[in-house]
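**Student:** Could you look at this predicted model? Sequence included:
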Amino acid sequence: MMGLNKKDTSLFVVVIVLALLAPFFLNPFPTDSSMAQFNAGYPDLMQRFVIFGIFAVGFNILFGLTGYLSFGHAAFLGVGSYAAVWIFKLLTYNVLPAIMLSVIMAGIFALLIGYVSLRRSGIYFSILTLAFAQMSFALAYSVLSNPKFNLTNGETGLQVYANDPQWLHRDSLPDLPHLFGLSMRSTYEMTVGGWSFSFNTGYYLCAVILILTFYLSIRLFRSPFGMMLRAVKSNQQRMNYTGLNSRPYTLAAFVISGMYAGLAGGLLAAMDPLAGAERMQWTASGEVVLMTILGGAGTLIGPILGAGFIKYFENIFSKINDNILHQWFAFMPDGIEDFIVAVIHPFIGKGWHLTLGLMFMMVVIFLPGGLVEGGQRLARLLRRKKSDESPSADTKPAE
Amino acid sequence: MGILEIKNVGKRFGGLQALSDVNLSVQENSVHAIIGPNGAGKSTLLNCLVGKLIPDTGSVTFQGQSLLGRHPHEINQMGVARVFQTPEIFGDLDVMENVMIPCFARRDGSFRMHAFETVMNEKELVEKAEQILIDVNMIDKRHMHSASLSRGDKRRLEMAMCLVQEPKLLLLDEPTAGMARADTNNTIDLLKEIKEKRDITMAIIEHDMHVVFSLAERITVLAQGTPLVEETPENIKGHPKVREAYLGEAQV
Amino acid sequence: MDAFILQMLNGLDKGSAYALIALGLTLIFGTLGVVNFAHGALFMIGAFCAVTLSKVLTISYETIDETQKDFLGNPLKVETPYIESWFGPEVGGAIIDWSVPLAILFAIPVMIAVGVIMERGLIKHFYKRPHADQILVTFGLAIVLQEVIKYYFGANPIPTPAPAMFKGSFDFGAAFGIDPNVIIYPYWRMMYFGFALVVISGIFAFLQFTTFGMVVRAGMADRETVGMLGINIDKRFTIMFGIAAAVAGLAGVMYTPINPPNYHMGMDFLVLSFVVVVVGGMGSLPGAVLAGFLLGILESFASTTWATTTIPGINQIIIYLVAIVVLLTRPRGLLGRKGVMED
């Protein structure tokens, strides 16, 4: 289907279904149940799942295929956000031109930074990208917000003010980001029994874009271009002696992944018309590295899983507090209950970063293929168990 | 006038004169071996040919065109392929993909995006790649992960990757280094076969005299960065200067 | 001229911190070939050693002084640190006052232990893995260490003062007969610079004049050959990792009075220290020290009003700018050997 082989098609269908039905999947608990706080199906969070999914899918095109570890991808995200907010300020609240400009600006930025950074490889590349991103952050935070030439509005962040021109804006259109009049904030609430599900325009815009970008990424992975990128990662020396200069390939991958980041940044601004410099800081770049590796670098679906996983952790896992733990372990004798709660305490709530850091280390040490590899191993283990139980079942070799 | 002309090439690393005044001419469609004791400058010379190093003095021309200052990928596109001492292949890719990459490189000449095609839809290239895999006897391993191949198979694969580009000159850097006798003989046979089937010039850097004498038509002996003699294999055996170079002055 | 000297001096203390961290990073990279993203965390742990010691020293008991009243008229509660009651207020007070320098003694064994545990427990398994993996796992470790510190000490900076003796500034102008009050420099920063020099020369002397150091240097140059000589190079490298950790830790201990430590100070310094290492030359110890001081001083020059009015924001980006220029024009860095990590 659509130029994909069977395995990729089914993966693609899974992503489509997950993206479109997320409002159901993410709200599995009835609204008044005690578990309702683990519902992640509210528009704001669902949007972030998908947007960071796009960011990580793009990052994976660079890191997963070529092995070039960029520590500065947040810079492109930030550029995308600023570009989108400027469109909102000057032209219109319509998100389409805003997103388009985000992608273009991020692409130009990535071309410049990539052209310079890719002259070096390995750790030098990582540090160059880090240096460029920190530089962009410092500039956006201070210099580019001086009164004479205020491009970023510094600490406050760039936002739309009432006296901004908005030349193409008309009174009939919503005073918030919209797509041809359809406000990004409009949400339809559906209540079924004790459950409630929200369908948000902004989320569905992001979801559709995720599906498109994911399709693009599959095609890219399976294309000769993708093969060349994997060859660069595998053996650059052989690549050169095969008559190919690896730099245009890596630069193209860098620009594409920068454009993905810009797209994510534009979408962030489209959901909430505000852009701040902290989006460019290197910790933000580190986050996308975490997402991609945790999910499985070089795999197709890994980055999306990783992004969802981390964002879920950040927003839901961090809400678990001691009271909830006491409820969970209430069935135990008091002493043991208190002990267990005390042991778990540092890892939950505000300590979710600690848990994340530990998990990330575990993944790097034991599961270089990330959650995807973990899932595959588990599946293989189960399959083997099954075939042990019924020796007659046909034993296909792994893969 | 040979296909490859090396004139007065010199190369210095700090205080070490690795090559001095090297003159060498490789005739078209011949097998030319370059031998010499350790540290004679064989590898340096090879690196000067493929663009990894730039000689300090002298000139290197291939089919009348200078190679100096060109990048390895440009030199490859002119028709020079290289086989490494330890096989350099794309370990993360499968065997078929390993051969497809040089096919693309040959057809496209330089960077092309091809971001929306599918590798296996390039019928012409696939045919070509499969043919070369048949030639080197590896067609049944085409879906194998190339890092898991045996060393001998890696060597075959590397040869296939070079040959599929139909190079005019094939440079071999100790192709049998570290191989068992049987593997060495296989490699010799493979090279002989290649030589019979196509119009190709080979320059071999080798340690193993058995390999050299079974393949080479001309032999250059390199010692301390300069060519001592250039002769046919028959004449090189027992040549006093060669003895001296290999065994040291005590034997003179 | 005065302004020039003043900026020079201002750059020295930050430069000292960069130099010390970069020195440790380079020791680890040069000996073990590992890119350690957790090195900033070691700096931070060092700083928190000082915090811990000062907290421990000021553990107090409460007594009620009936003779004095607080502002509500209740009897005044007086907190007396145990240490003052043991050694008397004079000596006890002095010990508390000197908690930061004393923390050096406490930090050295702690940091060596942390370093050795880190190397044996984790880094050892990553020697043969790609550099990207090393970066990633140490990056994860840095997050973990940082969060542990945050859990125990909170997210806010904790002021940890220097001994009273070092409060105030030295007036260079008055001392050297130029205008007074123009070139003044805090005593503690001077102390920090001196301390950094002592540590750096200590490390160099250790590497230069001891057999242990000689073997390590040989190992840095060619690990395999030294390994073949039958010398247990791994054990020495573990010790070197401990020493590198101690250097970073000491840099952190002494930095606390200059900048109250918080849990993310390590990451802040790490990014810059990596830039320093790259500018100095990956694997070159003198390069790391030189680049540390150079960039510290450069940063301080870029912060002058003259510089910031000429090129706005130059103080924020100067180090990165230098790094980019150096990496592109001279990838091996100022004093680096050719070919380190270039492939």
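**Tutor:** Yep, that arrived. A quick note: this is a predicted structure, and the numbers were derived from the prediction, not measured.

**Student:** you'd agree residue C:132 is up against residue A:69?
**Tutor:** Yes - look at residue C:132 against residue A:69 with Cβ atoms under 8 Å: they come within range, at 4.8 Å. For every residue, glycine as well, the C-beta is placed using N, CA and C.

**Student:** Can you work out which residues contact both of those two?
**Tutor:** The contact sets of residue C:132 and residue A:69 overlap at residue A:126 (Cβ atoms under 8 Å, 6 or more residues apart in numbering or on different chains).

**Student:** For the residue in the stretch 201-350 of chain A positioned nearest to chain C, give me the pLDDT.
**Tutor:** Distances between the stretch 201-350 of chain A and chain C by Cβ to the nearest Cβ are smallest at residue A:346, namely 5.2 Å. For residue A:346, the pLDDT comes out at 80.

**Student:** Near chain B, which residues of the stretch 151-300 of chain A? Just list them.
**Tutor:** Residues of the stretch 151-300 of chain A lying near chain B by Cβ under 8 Å from any Cβ of the partner chain: A:219-220, A:222-228, A:230-231, A:233-235, A:237-245, A:248-249, A:252.

**Student:** follow-up on the earlier one: quickly note the distance from the residue of the stretch 201-350 of chain A closest to chain C to residue C:152.
**Tutor:** Per Cβ to Cβ, to the nearest Å, residue A:346 is found 9 Å from residue C:152.

**Student:** more crowded one of the two?
**Tutor:** More crowded of residue A:346 and residue C:152, by other Cβ atoms under 10 Å in any protein chain shown: residue A:346, with 15 against 12.

**Student:** Can you tell me how far that one is from residue A:101?
**Tutor:** Counting by Cβ to Cβ, the gap from residue A:346 to residue A:101 is 44 Å.

**Student:** so how far is the strand or helix carrying residue B:104 off the chain centroid?
**Tutor:** Per DSSP states H and E: residue B:104 is located in helix B:95-108. The chain centroid and the centroid of helix B:95-108 are separated by 18 Å under Cα atoms, centre = their mean, to the nearest Å.

**Student:** Show residues contacting that helix.
**Tutor:** Residues outside helix B:95-108 that contact it (Cβ under 8 Å, 6+ apart): A:224, A:227-228, A:230-231, A:239, A:242-244, B:76-77, B:89-90, B:93, B:112, B:114, B:119, B:122, B:125-126, B:128-130, B:132-133, B:138, B:141-144, B:146, B:149, B:157, B:160-162, B:164-166.

**Student:** Also stretch C:265-272?
**Tutor:** By Cβ under 8 Å, 6+ apart, the surrounding residues in contact with stretch C:265-272 are A:130, A:134, A:282-283, C:17-18, C:21, C:37, C:39-45, C:47, C:142, C:145-146, C:252, C:259, C:295, C:319.

**Student:** So which bits of the stretch 251-399 of chain A are right by chain C?
**Tutor:** Residues of the stretch 251-399 of chain A lying close to chain C (Cβ under 8 Å from any Cβ) are A:282-283, A:286, A:289, A:293, A:346, A:351, A:353-354, A:356-358, A:360-361, A:364-365, A:368.

**Student:** So among those, which ones count as buried?
**Tutor:** Buried subset of those (neighbour count, 16 or more other Cβ atoms under 10 Å in any protein chain shown): A:282, A:286, A:289, A:293, A:351, A:353-354, A:356-358, A:360-361, A:364-365, A:368.

**Student:** residues touching the residue lying closest to residue B:92 once chain neighbours are set aside, list them.
**Tutor:** Using Cβ to Cβ, 6 or more residues apart in numbering or on different chains and skipping the chain neighbours, the partner closest in space to residue B:92 is residue A:234 (4.0 Å). Contact analysis of residue A:234 by Cβ under 8 Å, 6+ apart lists B:90, B:91, B:92, B:93.

**Student:** now, which of those residues sits nearest residue A:187?
**Tutor:** Within those, distances to residue A:187 taken as Cβ to Cβ reach their minimum at residue B:92, with 45.3 Å.

**Student:** tell me what the helix or strand encompassing residue C:63 is packed against?
**Tutor:** Secondary structure assignment for residue C:63, by DSSP H and E: strand C:60-69. Under the contact definition 3 or more Cβ pairs under 8 Å, 6 or more residues apart in numbering or on different chains; DSSP states H and E, strand C:60-69 sits against strand C:75-81, helix C:82-97.

**Student:** Just put these in a markdown table and tack on mean pLDDT and distance to chain B.
**Tutor:** Formatted as a markdown table, the helices and strands packed on strand C:60-69 follow (pLDDT from 0 to 100; distance: least, Cβ to the nearest Cβ, whole Å):
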| stretch | mean pLDDT | distance to chain B |
| --- | --- | --- |
| strand C:75-81 | 77 | 62 |
| helix C:82-97 | 80 | 56 |
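
**Student:** ok so, going back, mind checking which of the contacts of helix B:95-108 are in strands?
**Tutor:** Of those, none are assigned to strands by DSSP state E.

**Student:** Can you add distance to residue A:195 and mean neighbour count and give the helices and strands packed on strand C:60-69 back as JSON lines?
**Tutor:** Listed next are those as JSON lines, based on distance: least, Cβ to Cβ, whole Å; neighbours: other Cβ atoms under 10 Å in any protein chain shown:
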{"stretch": "strand C:75-81", "distance to residue A:195": "56", "mean neighbour count": "13"}
{"stretch": "helix C:82-97", "distance to residue A:195": "60", "mean neighbour count": "15"}
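
**Student:** looking at the ones you listed, which is closest to chain A?
**Tutor:** Comparison of the helices and strands packed on strand C:60-69 against chain A by Cβ to the nearest Cβ identifies helix C:82-97 as nearest, at 27.4 Å.

**Student:** so what's residue C:100 up against?
**Tutor:** Applying Cβ under 8 Å, 6+ apart to residue C:100 gives the contacts C:50, C:54, C:160, C:161, C:162, C:163, C:253, C:254, C:256, C:257.

**Student:** Wasn't it part of a helix?
**Tutor:** Yes - assigned with DSSP: H, G, I helix; E, B strand; the rest coil, residue C:100 falls within a helix.

**Student:** Quick check: pLDDT value at the closest residue in space to it that isn't next to it in sequence.
**Tutor:** Computed as Cβ to Cβ, 6+ apart, the closest residue to residue C:100 that is not its neighbour in sequence is residue C:50, at 5.2 Å. As predicted, residue C:50 sits at a pLDDT of 91.
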